[in-house]
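Engineer: pasting the structure only:
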């Protein structure tokens, strides 16, 4: 009974934060759509030849080179989004997901600057492999790890890995696999989820905290669609992807799925497909 009461208390706290966040979610959506247009010269460098072909329209949404943006904004990524995550209750969702489900040997893909690092329940963790394709983003994560106490620091390993091709990682290697806000950035998110299932133990958990198009608020999705190209250019993120469709195509078994922020934030606890 004590466990149930504690779980309900945490749930109520998270629920309260999300309720408050609803009042600012739309404003956040509009602000982040173009917040880098005038203030981030380095991000605007993506308008250069790397993303253009003569006589053709630039499309950052479909071009994997948009991910080069992360190397350019890594140094200010945390300061740019930290308040947004606080106001919207994203930090609580990160904490809640990892506290209840992360254990044993953990792989985190698309870890970026390591925004999940401080939320891992270290008493339940053996090792955490923090990975990302962006060298600069991963460097920011390494800085955070270096500031941790030795007993905690030694449990983290960092590696520059492509989540779409984890061929160097054996099957069934991890008890927990984590991805937060990565499906919007991977060039082939379905392949990523298949790889995460392959490297996860059959009785392990795959934890996803993602954002994508809303199935319940048409106006929000219309806005996401209208600003997807600009957002992808500034942030390297395709924020209007169909998360339900991606998950279904990957074959991931869903244990728990909840949505927040007008249906644009997805909280998913999954398991590898049987006989994957």
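Structural biologist: Great, that's in hand. Everything numeric here is computed off the predicted structure, so don't read it as measured data.
Engineer: Show me the helices in this protein, by range?
Structural biologist: 2-34, 41-44, 69-88, 90-101, 135-146, 150-153, 189-199, 218-235, 243-250 (DSSP state H).
Engineer: Any idea which of these has the lowest pLDDT on average?
Structural biologist: Per-stretch mean pLDDT for the helices of the chain is lowest at helix 41-44 (a mean of 34).
Engineer: which residue sits closest to residue 274, ignoring its sequence neighbours?
Structural biologist: residue 253 (7.1 Å; C-beta to C-beta, 6 or more residues apart in numbering). C-beta coordinates here come from the backbone N, C-alpha and C atoms, glycine included.
Engineer: quick one: contacts for the one you found?
Structural biologist: 270, 271, 272, 273, 274 (C-beta atoms under 8 Å, 6 or more residues apart in numbering).
Engineer: Mind doing that once more with 7 Å?
Structural biologist: Listed by C-beta atoms under 7 Å, 6 or more residues apart in numbering, the contact set of residue 253 reads 270, 271, 272, 273.
Engineer: PyMOL command for the buried members of these?
Structural biologist: This is the PyMOL syntax for the buried subset of the contacts of residue 253, where burial follows 16 or more other C-beta atoms under 10 Å:
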select buried, resi 270+271+272
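Engineer: Which of the contacts of residue 253 lies at the shortest distance from residue 91?
Structural biologist: Distance to residue 91, by C-beta to C-beta, is smallest for residue 270 among the contacts of residue 253, at 21.9 Å.
Engineer: does the closest one really touch residue 206, like I thought?
Structural biologist: Yes. Applying C-beta atoms under 7 Å as the test, residue 270 and residue 206 come out as touching, 4.4 Å apart.
Engineer: who touches both of these two?
Structural biologist: residue 252.
Engineer: Once you drop chain neighbours, what's closest to residue 191?
Structural biologist: With C-beta to C-beta, 6+ apart, the residue lying closest to residue 191 is residue 164, at 5.0 Å.
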